[in-house]
Structure formats: C-alpha cells, structure tokens
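> Kindly return the folded structure for what I paste below:
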Amino acid sequence: VQLVESGGGLVQAGGSLRLSCVASGRTFSIYTMAWFRQDPGKEREIVARIAWSSTGGSTYYGDSVKGRVTISRDSAKNTVYLQMNSLKAEDTGVYYCAAGPSNNYWGQGTQVTVSS
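Numbering: from 1, shown residues only. Have a look, this model is predicted:
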C-alpha cells in the first residue's frame, strides 16, 4: 500500500486547510486510516482515525483537535481527508497519513504551518 499526502501549506491562525491522503496498491486490505502530526523534537501524535467495515464505521479524534477537525473518506477515490478549521499555531507540524490496524503503512508527510 502506498500513501501520498497533499494539501499542506502556510495558513494564518483561525484559518482552514484540507489535507488529502490517496492510497494505492492493495487497498482492499485496508480498513482503517489515520492522520498523525509531528513537531521537531516531539513524539508523533495521533490527530484522527477512521475505520470502516461492511456494517459501519467509526472515527476517533485526539483531544487537542476535537471539535476543530473532521476526518472523512471517499471510497471511490481511495482517499481520506482531514478538514481542519480554526487552526492554531500549535497545530503546526508535519502531518502523516497512516493505514492499517497497526499503522503498517505511512506516507511521506505534508507540512502544515500556522502563523500567529
């Protein structure tokens, strides 16, 4: 499975960004994807996760982003999105897309910089 992120950039505090993660390869084996964030010198932290199955799905959000971000999926495009609103300076970091129950696959990351 290959993952390619896009949508990062520079935005002012209070602004919005939508990140995209396109999956390719053996995507039929994937039932969960997530977004992580990492700042230099800090541990990678989970931002949001989405899981799906034939009977339903679920989402999870990290405490620091609850109420400000939404994770969604377009199955036809094998794409997961992260809509981020009311961005804060502390949201700055490299955002990585991961796939698989144990985050088996990772993308290269996309930089998000929020200026205050």
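> Quick check: chain neighbours aside, which residue is closest to C97?
Spatial nearest neighbour of C97, excluding adjacent residues (C-beta to C-beta, 6 or more residues apart in numbering): C21 at 3.4 Å. C-betas here are computed from N, CA, C, even on glycine.
> what about Y31, neighbour count?
Y31 has 14 neighbours, counted by other C-beta atoms under 10 Å.
> Return the distance of the helix or strand that contains V80 from the chain's centre.
Element membership for V80 (DSSP states H and E) is strand 79-84. Relative to the centre of its chain, strand 79-84 is centred 6 Å away, using C-alpha atoms, centre = their mean, to the nearest Å.
> and the residue nearest the centre of the chain, what is it in contact with?
Nearest residue to the geometric centre of the chain (C-alpha atoms, centre = their mean): W35, 2.8 Å. When contacts are counted by C-beta atoms under 8 Å, 6 or more residues apart in numbering, W35 touches 19, 21, 46-49, 71, 80, 82, 95-98.
> mind running it again at 10 Å?
W35 makes contact with 5, 19, 21, 46-50, 61-62, 65, 69, 71, 80-82, 84, 95-98, 107, 110, according to C-beta atoms under 10 Å, 6 or more residues apart in numbering.
> do the same with T70
Counting by C-beta under 10 Å, 6+ apart, T70 touches R18, A48, I50, T59, Y61, Y81, L82, Q83, M84, N85.
> And N103, how close does it get to L17?
22 Å (C-beta to C-beta, to the nearest Å).
> Bridging across strands, which residues link to R73?
Residues in a beta bridge with R73, per DSSP bridges, are V80.
> Would you check that it makes contact with A34?
No: at 11.3 Å, R73 does not count as touching A34 under the criterion of C-beta atoms under 10 Å.
> mind saving the C-alpha coords of stretch 92-100 as PDB?
Output of stretch 92-100 as PDB, limited to C-alpha atoms (Å, rounded to 0.1, in the frame of the first residue of the first chain):
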ATOM      1  CA  THR A  92       2.000  23.400  13.100                       C
ATOM      2  CA  GLY A  93       3.800  20.200  12.200                       C
ATOM      3  CA  VAL A  94       4.300  17.600   9.600                       C
ATOM      4  CA  TYR A  95       1.100  15.600   9.000                       C
ATOM      5  CA  TYR A  96       1.400  12.000   8.100                       C
ATOM      6  CA  CYS A  97      -1.200   9.600   6.800                       C
ATOM      7  CA  ALA A  98      -1.100   6.000   8.000                       C
ATOM      8  CA  ALA A  99      -3.000   2.900   7.000                       C
ATOM      9  CA  GLY A 100      -3.700  -0.500   8.600                       C
END
